[in-house]
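**Q** dropping the sequence and predicted coords here.
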Amino acid sequence: MSNLSRDDVAHVAMLARIQLEDHELDRLAGQLDQIVGWVGQVNEVAADDVPPMSHPLPLVNVVRPDEVRPSLSQEQALANAPEAEDGRFAVPRILDEE
Amino acid sequence: MTFTSVELTQAHLDRIGRIDPALNAFLLVDAEGALATAANVDGARAAGEELPRLAGVPVAVKDIACTKGMTTTAGSRMLEHFVPPYDATIVTRLREARMPILGKTNMDEFAMGSSTEHSAFGPTRNPWDLDRIPGGSGGGSSAAVAAYLAPLAIGSDTGGSIRQPAAVTGSVGVKPTYGGVSRYGVIALASSLDQIGPCARTVADAALLHEVIGGHDPMDSTSIDAPVPPVVAAATGTRDLTGMKVGVVREIGGEGYQDGVLRRFEEALELLRGLGAEIVEVSCPHFVYAMAAYYLIQPSEASSNLARYDAMRYGARTTPEGSPSAEQVMAASRDEAFGDEVKRRIILGTYALSSGYYDAYYGQAQKVRTLIARDFAAAFEQVDVLVSPTTPTTAFRIGDKLDDPMAMYLNDIATIPANLAGVPGMSIPSGVAEEDGLPVGVQILAPAMEDQRLYAVGAALEERLREVQGGYVIEKAPQIEEVRA
């Protein structure tokens, strides 16, 4: 039985903002189906009474003093931007046309 | 024999120029910067200034750490032209230690891989055999150190990316305790697993670099606020392991492991016994599920971390024809600039975290993680360190596993449990396999913040191996000039 169909992969890829081309979908879908089937074995041992572990260190609310310190200049912050305008990041339209 | 830092640095730069075209270990070489640091150190030394221990010793840095003003790609087209405006803390520490930075080393894209074949800038080749992989993701650092292009290098280890490359290149690699070395300014793969560490040719060299980069950093909230474990003292201290209990994990080894790898491991156990250690078999029954848990947790965290590459503020942008929306530009840019393995893991992680599947995948994997941490805790109640082969096989051929992601993932079967639990691990060379003449690694694992135990056991075993085998394993590597002929 398939764990993950080609359509599932296309859908999840769009959630992740990756516009896969058809030939990529053909290749990745089979591989991902196999991988998802295999990682599912975690369900064999993880019982209800086992607490989840998100992190190796028992850290809670690590904060540092709220002090003003030197930071990047506007020029430095924009230096790697694909497009900048008037000291700001220039981005494509974010609303639908019409 | 004494020589200046400029001579030492220039000698490495010359060798990089001569050998690296065959290896592709470096993505960027900064001859000017390295020589300037070296000249500065030479001047200070001549003036009688007190200098840090490794001042003037050149070092290579994996291209996952941000270097101010020096392109940092993480092996990806996405960051091909990214020039960081700041240094990672580890880079700052190298500069404070006055170590010339030779350049940036090749890696699997965003550190996803075990062969360096997933670099967008071409694979790195193994100095032992140019048709074979140097391990991954840090194959550039391991190849550079093994081929004497750099005496020391920085690596990062999320599931074995320092230890596995060390094993297959006959070098030494250490993944410190999680939180033991700052990750500020290091491009994130999976934040609950990533750890920075040293790559070197000897255990003592690794300890010296570990000491430079280790220790608390207020800029990294996961950095442990405690002194660096006494790694240099351990690496240069007693070779007597009397009273030391060394555990062999029953679940690592056996089926799927190459004969020569297992033989070198058995010999290493004998040598440890000879050094006074007591060998104890221990069971870590949940380690067999570590791979599955890892390939849920790591892609999940990666999918989240890599969401930042949206082609809006930095990174490569691809603009489809017409009047595309920002969302369409993001999707096109990410398709264009990410390689296959990165896409596979982002999609896998997004799926594992998605509504309806979270409990069955990510949630369950987190529980398995608890079980693995408990296995380690129980084992370390019985023994001081654990040992295993580092990898199931010696270096495989370039191209062999590229189209089979599952086969590629299995290279990290012995290294992954340490990342899940956050404990430190080391790989040292234990000899070469008879069947292919390629180097084999032995892995040593210790409890969190007991990194010095790795160095004590590693240095003792390294010295004994050298006596028995008549030299360091790395000395058996063929000269690259010969390999090329």
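**A** Received the coordinates, thanks.
**Q** give me the mean pLDDT for stretch B:416-430.
**A** Mean per-residue pLDDT for stretch B:416-430: 98.
**Q** again, but for stretch B:193-213
**A** For stretch B:193-213, the per-residue pLDDT averages 98.
**Q** got the end-to-end distance for it?
**A** 18 Å (CA to CA, to the nearest Å).
**Q** again with stretch B:104-116
**A** End-to-end distance for stretch B:104-116: 14 Å, by CA to CA.
**Q** which of the three states applies to B:Ser427?
**A** At B:Ser427 the chain is in strand, as set by DSSP: H, G, I helix; E, B strand; the rest coil.
**Q** what about it, distance to B:Ile133?
**A** Applying CB to CB, to the nearest Å, the value for B:Ser427 to B:Ile133 is 16 Å. Any C-beta I mention is one placed from the backbone N, CA and C, and that applies to glycine too.
**Q** compare those two (neighbour count), which wins?
**A** More crowded of B:Ser427 and B:Ile133, by other CB atoms under 10 Å in any protein chain shown: B:Ser427, with 35 against 31.
**Q** next up, the contacts around B:Phe396.
**A** By CB atoms under 8 Å, 6 or more residues apart in numbering or on different chains, B:Phe396 lies in contact with B:115, B:132-133.
**Q** what sits closest to B:Gly339 if chain neighbours are left out?
**A** Distances taken as CB to CB, 6 or more residues apart in numbering or on different chains put B:Glu109 closest to B:Gly339, at 4.9 Å, once the chain neighbours are dropped.
**Q** oh, I was asking about B:Leu306
**A** Per CB to CB, 6+ apart, closest to B:Leu306 is B:Ile346, 5.8 Å.
**Q** check B:Cys66 too.
**A** Nearest non-adjacent residue to B:Cys66, counting by CB to CB, 6+ apart: B:Pro84, 3.7 Å away.
**Q** assign the one you found to helix, strand or coil.
**A** Of the three states, B:Pro84 takes coil under three-state DSSP.
**Q** and the pLDDT at it?
**A** On the pLDDT scale, B:Pro84 gets 98.
**Q** now pLDDT and distance to B:Ala331 too, for the contacts of B:Phe396, in JSON lines please.
**A** Formatted as JSON lines, the contacts of B:Phe396 follow (pLDDT from 0 to 100; distance: CB to CB, whole Å):
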{"residue": "B:Ser115", "pLDDT": "97", "distance to B:Ala331": "28"}
{"residue": "B:Arg132", "pLDDT": "98", "distance to B:Ala331": "37"}
{"residue": "B:Ile133", "pLDDT": "98", "distance to B:Ala331": "32"}
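**Q** out of those, who's nearest chain A?
**A** B:Ser115 (16.3 Å; CB to the nearest CB).
**Q** show me the contacts for that closest one.
**A** B:108, B:123, B:133-136, B:139, B:396, B:398, B:401-402, B:408, B:411.
**Q** count of neighbours near B:Leu130?
**A** Here the number of neighbours of B:Leu130 (other CB under 10 Å) works out to 15.
**Q** quick check: it touching B:Ala22?
**A** Yes. With contact defined as CB atoms under 8 Å, B:Leu130 reaches B:Ala22; the gap is 6.1 Å.
**Q** tell me the pLDDT at the residue nearest to B:Gly339?
**A** 98.
**Q** could you pull up the residues touching it?
**A** So B:Glu109 contacts B:74-76, B:118-120, B:338-339, B:341-342 (CB under 8 Å, 6+ apart).
**Q** quick one on the thing from earlier: my read: the residue nearest to B:Leu306 touches A:Arg17, true?
**A** No. The criterion here is CB under 8 Å, and B:Ile346 misses it with A:Arg17 at 9.1 Å.
**Q** of the two, who's got more company?
**A** A direct count of neighbours by other CB under 10 Å for B:Ile346 and A:Arg17 places B:Ile346 higher, at 29 against 21.
**Q** tally of neighbours for the residue of chain A found nearest chain B?
**A** Per CB to the nearest CB, A:Pro56 is where chain A lies closest to chain B, at 2.4 Å. A:Pro56: 22 surrounding residues under other CB under 10 Å.
**Q** neighbours of the closest residue in space to it that isn't next to it in sequence, how many?
**A** In space, and not counting its chain neighbours, A:Pro56 is closest to B:Gly422: 2.4 Å by CB to CB, 6+ apart. Neighbourhood size, B:Gly422 [other CB under 10 Å]: 25.
**Q** cool, and B:Val174?
**A** Look at B:Val174: counted by other CB under 10 Å, it has 32 neighbours.
**Q** go through chain A and flag its longest helix.
**A** Under DSSP state H, the helix in chain A containing the largest number of residues is helix A:22-39.
**Q** continuing past that helix, what's the next helix or strand?
**A** Once helix A:22-39 ends, the next helix or strand along the chain (criterion: DSSP states H and E) is helix A:74-78.
**Q** and the next element down the chain from that next one?
**A** Using DSSP H and E, the first helix or strand after helix A:74-78 is strand A:84-85.
**Q** contacts for that following strand next, please.
**A** Contact with strand A:84-85 is made by A:78, A:90, as judged by CB under 8 Å, 6+ apart.
**Q** tell me how far that strand lies from the chain's centre.
**A** Averaging C-alpha positions (CA atoms, centre = their mean, to the nearest Å) puts strand A:84-85 26 Å from its chain's average.
**Q** and for stretch B:155-168?
**A** Relative to its chain's centre, stretch B:155-168 lies at 3 Å (CA atoms, centre = their mean).
**Q** with stretch B:106-126 instead?
**A** 12 Å.
**Q** and for stretch B:102-120?
**A** The chain centre lies 11 Å from the centre of stretch B:102-120; the measure is CA atoms, centre = their mean.
**Q** list the buried residues in it.
**A** B:102-120 (16 or more other CB atoms under 10 Å in any protein chain shown).
**Q** which residue lies nearest the spatial centre of chain A?
**A** A:Ala16 (6.2 Å; CA atoms, centre = their mean).
**Q** burial of the spatially closest residue to that one that is not a sequence neighbour, as a residue count?
**A** Nearest residue to A:Ala16, sequence neighbours excluded (CB to CB, 6+ apart): B:Thr350, at 4.3 Å. Neighbourhood size, B:Thr350 [other CB under 10 Å]: 24.
**Q** and the stretch 51-200 of chain B, which residues reach chain A?
**A** B:81-83, B:85-86, B:178-179, B:192 (CB under 8 Å from any CB of the partner chain).
**Q** can you redo these as CSV with neighbour count and distance to B:Ala290?
**A** Listed next are these as CSV, based on neighbours: other CB atoms under 10 Å in any protein chain shown; distance: CB to CB, whole Å:
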residue, neighbour count, distance to B:Ala290
B:His81, 13, 37
B:Phe82, 18, 33
B:Val83, 16, 38
B:Pro85, 16, 38
B:Tyr86, 16, 35
B:Tyr178, 26, 15
B:Gly179, 24, 20
B:Ser192, 21, 14
